[in-house]
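**Q** kindly return the folded structure for what I paste below:
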Amino acid sequence: MSTLSFRPLRPEEDAPTIHGWTTQPRGRFWGMADKSVEEVRDIYAFVDSLEAHWAWIAEQDGRPVALLQTYEPEHDPVAEVYDVQPGDVGAHVFVAPGEDALAIGAGIFTWLFDDPSVQRLVGEPDAANRAILHRLEQTGFELGERVRIGDKDAQLVYLTRERFGALVG
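**A** Now for the predicted structure:
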């Protein structure tokens, strides 16, 4: 597999691609199934305006293969339901349909841990999304507490730098 590259998501340019991914049945947990291309663009324009949240496009050979959102948990509602530690980075990942989710995920996590300040990845997928929880466990994440964040029943998940390093050896 070739190496992934990452660039900031460009709302105007990337909205049609993201819309195509997230409106498929497998994207229902992303919460954009009923959004128009314009609404997707506006959502990511808003994310782009935030100081502690970022959206990225992962590309392989110049082709978009995943959407990655990163955030500082201490500046997010997730901070109300768990004890944020120094070096925590929140992450949401949506792998494009037809891509190798495990390989893409491993590439994303490697890129995130390339930053020496990142000590642990934290996520809060929908607790009903059994497929992603299983995939996260396959890539080394440990399941934490089930929590309520806004109107979502979420499952906290954690991947430490040490655990990831041991898995990729």
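**Q** give me the below-cutoff pLDDT ranges for the chain.
**A** Low-confidence regions of the chain, defined by pLDDT under 70, span residues 1-2.
**Q** the most centrally placed residue in it pairs with what?
**A** For the chain, the residue nearest the mean C-alpha position is H92 (1.7 Å; Cα atoms, centre = their mean). Assessed by DSSP bridges, H92 has beta-bridge partners Q69.
**Q** make 58 the starting number, not 1.
**A** Happy to do that; since the first residue is 58 now, the last one works out to H149.
**Q** my read: it touches L125, true?
**A** Yes: counting by Cβ atoms under 8 Å, L125 is a contact partner of H149 at 7.3 Å. Every C-beta, even on glycine, is put in place using the N, C-alpha and C of the backbone.
**Q** ok, residues contacting stretch 121-141?
**A** Contacting residues not belonging to stretch 121-141 are listed as 61, 63, 66, 71, 74-75, 78, 104, 108-116, 145-153, 156, 161, 165, 169, 179, 181, 201-202, 204-207, 211, 213 [Cβ atoms under 8 Å, 6 or more residues apart in numbering].
**Q** return the members of these classed as buried.
**A** 61, 63, 66, 71, 74-75, 78, 110, 112-116, 145-148, 150-153, 156, 161, 165, 169, 179, 181, 201, 204, 206, 211, 213 (16 or more other Cβ atoms under 10 Å).
**Q** that older thread, next step: the contacts of stretch 121-141 restricted to strands.
**A** Judged by DSSP state E, the contacts of stretch 121-141 include 61, 63, 110-116, 145-152, 179, 201-202, 204-206, 211, 213 as members of strands.
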